[in-house]
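# here is the input, now give the coordinates:
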Amino acid sequence: MNRIHLKLALLSSAALLALPTLALAQAAPAKSDEIVVTAQKRSENVQSVPVSMTVVRTEQLTSAGVRNFQDLSNVAPSLTVTGGGTGQNSSVLMRGIGAQSFSYLTEPDVAIIIDDIPVASQAQAFTNLSDVAQIEVLRGPQTTLFGKSASAGLVSITTQSPTKVFSGRIAASASDDGQETVDATVSGPISDTLSYRLTASLDDFRGNQKNIATGHWLNGENLYNLRGKLHWTPTSKLTVDLSGSYINAWGSLGIPFAPVYVQPGTTLFGVTSTAGYAGLKIDRGNSSVNNDLDSTMNYAIGQASVKIAYDAGPVTLMSITGDSEYVTNSLNDFDGTASNVVGIATSGALNGSQYQYFTETTRQFSEELRAVSGPGAFRYVGGLWYANKTDYYNTIRGPFYSTNKAYANYVANDSSKQYAAYGQSEWDFAPKFTLVTGVRYGVESISFGLNNRAKSYLMGGSHTQGAATGKVSLEYHPVDNINLFASYTRGYKGETYDLSSSLTPAVAALGPVKAENSNNFEVGAKTQFFNRRLTVNVTIFDADYYNFQAQTILPTFGAGFILANVGQVETRGVELDGAWKATSALTFNFGGAYLDAVIKSFPDGQCYYTQTLAQGCITNALGSFTDLGGKSLPNAPKWKGNIDATYTVTVPGTGFDAILNGSARYQSAVNFSLSSDPLMVQPAFGIFNLGAAVQPTENAHYRIGLFVNNVFDTH
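Sure, this is the predicted structure:
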């Protein structure tokens, strides 16, 4: 449904008249036409970095309506994000590549970094983007500098820094679909060498799915976020940054699934679909559920970091320490109906619904020692990396009476210790030419324990593996403001165990699932024209992923789905990013991507629910499977694009500026199923947003705006 927002932003300071300039300047680059990024772990102009990337700053986040991490795909065409309530059900894909696994131990393919600290679980990033200065979306393998969790790409989020002058900001919004938000920030000096920043935000969304059985709204969330920063410069050469944050949220965001199609004659846990979905209009427009149990989820995230930098002259030495804990628990109606499925199955001995209860605790400590050279014809960055990550899981799906494979009851734990050394150099070996080379070598030790209480399995295992990755890139600068580059990057995703209810002693005896490797080739151009008023960046890429890790069926191990190396996948396409300052008042940001992400080899894939032998589903005594070779990867649209525009004009005789903005995005059809289930196709769609705001022309301490998201009510 469309969403109408009223937003009020107030700016204040001790000096009052000085605040707007100070509060907004920190998000802007040193020059109006320059964007500074840290994609190569050093500060550089984005146009000089031979990496395909999208950079989104504060102004574009606001104009495009990007408030939550899930919204980020609206302005980064090669990125697709789907929230699913937990780290295993949430999906972050780059160029069609992402984790296709139920296993808790499986690494993501897209790393997420917040203020130079990688998150331990992708679910930690699925929060509101409060007080963000800039987001860098790096496409393609980034394992050389950022490790094995970045085998398909990287999202780096940088929050605002403390200011040297006292300033503050408060913003609030309310929408007709039950979302209210409040953001407040205060920043300033404590002494000549110490400054601070405190940020608090509240985000309350009632949800957009109605449970007709209870009358409650679902798929909503109530979240609060607290963050504090200290910036200390005891000497001109030494800086220390301390940061801490705490997030707590509860609701049911991403958990319930609204039925849009039911195969005729379907029986749900002994109940016909007609009875189980009574009261629902089952079609693609449905956004209601009929559950006797309201799905719930709560999570809490605590993070702390210390970053120390010392300017030693020709090199800057850095220590970056991070510590985090992520705790979540969820309860959902597993049978998806309001029927007494337990009573039917037990002839009235027990009553209620099938449910699933899940808890997860993830802890991670990381330490990075980094050396960054100063400017010159030969520049380098190198470092040492250590991380210690542990997880604990408890899953109950039942209740206990159940004798079918839906019943599960197990606890699991795992640990991962990583050690790595990396280095990358940039050498201007000739006029107009730059050679970039990099290498990383890492060793990881993984271990797990699983107690399957439902099947009386007690298992464990451990393994250690080392691996090297690297990259090489050649840049050619024929004239100022044009950078042509070609690169090769080797990607890597580490070994893992199938830590799920499917794990049996026979599967565990196979040892860990092999590491996933990739070869990525890119050719690109970063260009600026008309005195840098027009920026157009284009990249052509082709990548093959080998020993792709995914859930599948191995006939020799029965009908259950297990994690295995299924074969080879390929992703190739073209990406476009750009910005145009048409006039001093009118600016555009745009992006687009064409993607061809296909499975090249997957002989033992999952059949979709209604697939027949004629449609390629082979059934034998051990189960059913199909060859998915040639099929598209899930949630990988072939075409995707976005454009947003902002127009600022002074209204004569009023003393106010009017700010108008609009954004549009388009996405072609996708299939959300790895098995290419035709019932899991989402048609192509377009979304159009509009906004208008006013603020004083002079001393703009406040802004009042009205926003309409999804103007044409696209479902």
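
# ranges for the strands of the stretch 51-200 of the chain?
53-57, 79-82, 91-94, 110-114, 117-118, 132-139, 153-159, 167-175, 179-189, 194-205 (DSSP state E, counting those that start in this stretch).

# which helices and strands does the fifth one pack with?
In this case it means strand 117-118. When contacts are defined as 3 or more C-beta pairs under 8 Å, 6 or more residues apart in numbering; DSSP states H and E, strand 117-118 packs onto strand 315-333. To be clear about C-beta, it is placed using only N, CA and C from the backbone, and glycine gets the same treatment.

# ok, back up a step: tell me which of the strands of the stretch 51-200 of the chain sits nearest to residue 432.
Across these, residue 432 has its closest neighbour in strand 53-57 (22.2 Å, C-beta to C-beta).

# please work out the average pLDDT along the closest one.
Summarised as a single mean, pLDDT over strand 53-57 is 92.

# who does it pair up with?
Its sheet considered, strand 53-57 pairs with strand 132-139 (antiparallel) by DSSP bridges.

# between the partner strand and strand 110-114, how many degrees?
Angle between the axes of strand 132-139 and strand 110-114 is 160 degrees (criterion: axes from the mean of the first three to the mean of the last three C-alpha atoms, to 10 degrees).

# in strand 132-139, which residues are buried?
For strand 132-139, burial by neighbour count (16 or more other C-beta atoms under 10 Å) applies to 132, 133, 134, 135, 136, 137, 138, 139.

# and it, how far out from the chain's middle?
How far strand 132-139 lies from its chain's middle: 11 Å, per C-alpha atoms, centre = their mean, to the nearest Å.

# next: stretch 473-484.
The answer for stretch 473-484 is 31 Å, by C-alpha atoms, centre = their mean.

# which residue is nearest the middle of the protein?
Residue closest to the mean C-alpha point of the chain, counted by C-alpha atoms, centre = their mean, is residue 92 at 4.6 Å.

# which residues sit in contact with that residue?
By C-beta atoms under 8 Å, 6 or more residues apart in numbering, the contact list for residue 92 reads 79, 80, 81, 98, 108, 109, 110, 112, 122, 125, 155.

# how many neighbours does the residue nearest to it when sequence neighbours are not counted have?
Nearest residue to residue 92, sequence neighbours excluded (C-beta to C-beta, 6 or more residues apart in numbering): residue 110, at 4.5 Å. Each residue near residue 110 was counted by other C-beta atoms under 10 Å, and the total is 28.

# so how far is residue 99 from residue 110?
9 Å (C-beta to C-beta, to the nearest Å).

# wait, isn't residue 415 in contact with residue 444?
No. Look at residue 415 against residue 444 with C-beta atoms under 8 Å: they stay out of range, at 10.6 Å.

# can you list the low-confidence ranges for this structure?
Within the chain, the set of residues satisfying pLDDT under 70 comprises 1-33, 83-90, 102, 104, 402-405, 553-560.

# longest strand of it?
Of all the segments of type strand in the chain, defined by DSSP state E, the longest one is strand 408-430.

# can you list residues touching both of residue 110 and residue 99?
Joint contacts of residue 110 and residue 99 (C-beta under 8 Å, 6+ apart) do not exist.

# please tell me how far residue 618 sits from residue 632.
Look at residue 618 and residue 632: by C-beta to C-beta, they are 21 Å apart.

# who's more crowded, the two?
Taking neighbours as other C-beta under 10 Å, residue 618 and residue 632 compare with residue 632 leading, 20 against 14.

# excluding covalently adjacent residues, which one is nearest to residue 190?
Nearest non-adjacent residue to residue 190 (C-beta to C-beta, 6+ apart): residue 196, at 5.8 Å.

# that neighbour bridge partners, please.
On the basis of DSSP bridges, residue 196 is bridged to residue 188, residue 230.

# isn't it right up against residue 230?
Yes. Assessed by C-beta under 8 Å, residue 196 is found in contact with residue 230 at 5.5 Å.

# any residues in contact with both of the two?
Both residue 196 and residue 230 are contacted by residue 162, under the criterion C-beta under 8 Å, 6+ apart.

# in the stretch 401-550 of the chain, which spans are helices?
Listed in chain order, the helices of the stretch 401-550 of the chain (DSSP state H, counting those that start in this stretch) span residues 505-508.

# ditto for the stretch 151-300 of the chain
Assigned by DSSP H, counting those that start in this stretch, the stretch 151-300 of the chain shows helices spanning 273-276.

# now the residue nearest to residue 190: how far from residue 137?
Noted for residue 196: a distance of 29 Å to residue 137, by C-beta to C-beta.

# same thing with residue 711?
From residue 711 to residue 137 the distance is 26 Å (C-beta to C-beta).

# likewise for residue 99?
For residue 99, the distance to residue 137 - C-beta to C-beta - is 18 Å.

# how about the residue nearest to residue 92, what does it touch?
79, 92-94, 97-98, 122, 149-150, 152-155.

# how near is it to residue 39?
Remark: distance between residue 110 and residue 39 (C-beta to C-beta) = 15 Å.

# ok, residue 78 touching residue 95?
Yes. Contact criterion C-beta under 8 Å: residue 78 and residue 95 qualify, at 5.3 Å.

# who touches both of the two?
Taking C-beta under 8 Å, 6+ apart as the criterion, residue 78 and residue 95 both touch 139, 153, 573, 595.

# ok, residue 183 - contacts?
Here residue 183 is in contact with 130, 131, 169, 170, 171, 172, 199, 200, 201 (C-beta under 8 Å, 6+ apart).

# and those residues, which of them are buried?
Buried members of the contacts of residue 183, scored by 16+ other C-beta under 10 Å, are 130, 131, 169, 170, 171, 199, 200, 201.

# format those as JSON lines; extra columns: distance to residue 641.
Formatted as JSON lines, the buried ones among the contacts of residue 183 follow (distance: C-beta to C-beta, whole Å):
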{"residue": "130", "distance to residue 641": "27"}
{"residue": "131", "distance to residue 641": "29"}
{"residue": "169", "distance to residue 641": "32"}
{"residue": "170", "distance to residue 641": "35"}
{"residue": "171", "distance to residue 641": "29"}
{"residue": "199", "distance to residue 641": "33"}
{"residue": "200", "distance to residue 641": "36"}
{"residue": "201", "distance to residue 641": "30"}
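
# show me what contacts residue 547?
When contacts are counted by C-beta under 8 Å, 6+ apart, residue 547 touches 514, 515, 516, 517, 565, 567.

# and for residue 210?
Contacts of residue 210 by C-beta under 8 Å, 6+ apart are 216, 217, 218, 287, 288, 289.

# and the contacts of residue 183 as CSV, adding distance to residue 432?
Shown next, in CSV, are the contacts of residue 183 (distance: C-beta to C-beta, whole Å):
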residue, distance to residue 432
130, 43
131, 40
169, 44
170, 50
171, 46
172, 51
199, 44
200, 50
201, 47
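
# and which of those residues is nearest to residue 381?
Nearest to residue 381 among those, with distances taken as C-beta to C-beta, is residue 131, at 27.4 Å.

# so how far is residue 424 from the residue nearest to the closest one when sequence neighbours are not counted?
Distance criterion C-beta to C-beta, 6+ apart; nearest residue to residue 131, sequence neighbours excluded, is residue 199 at 4.4 Å. Residue 199 sits 33 Å away from residue 424, going by C-beta to C-beta.
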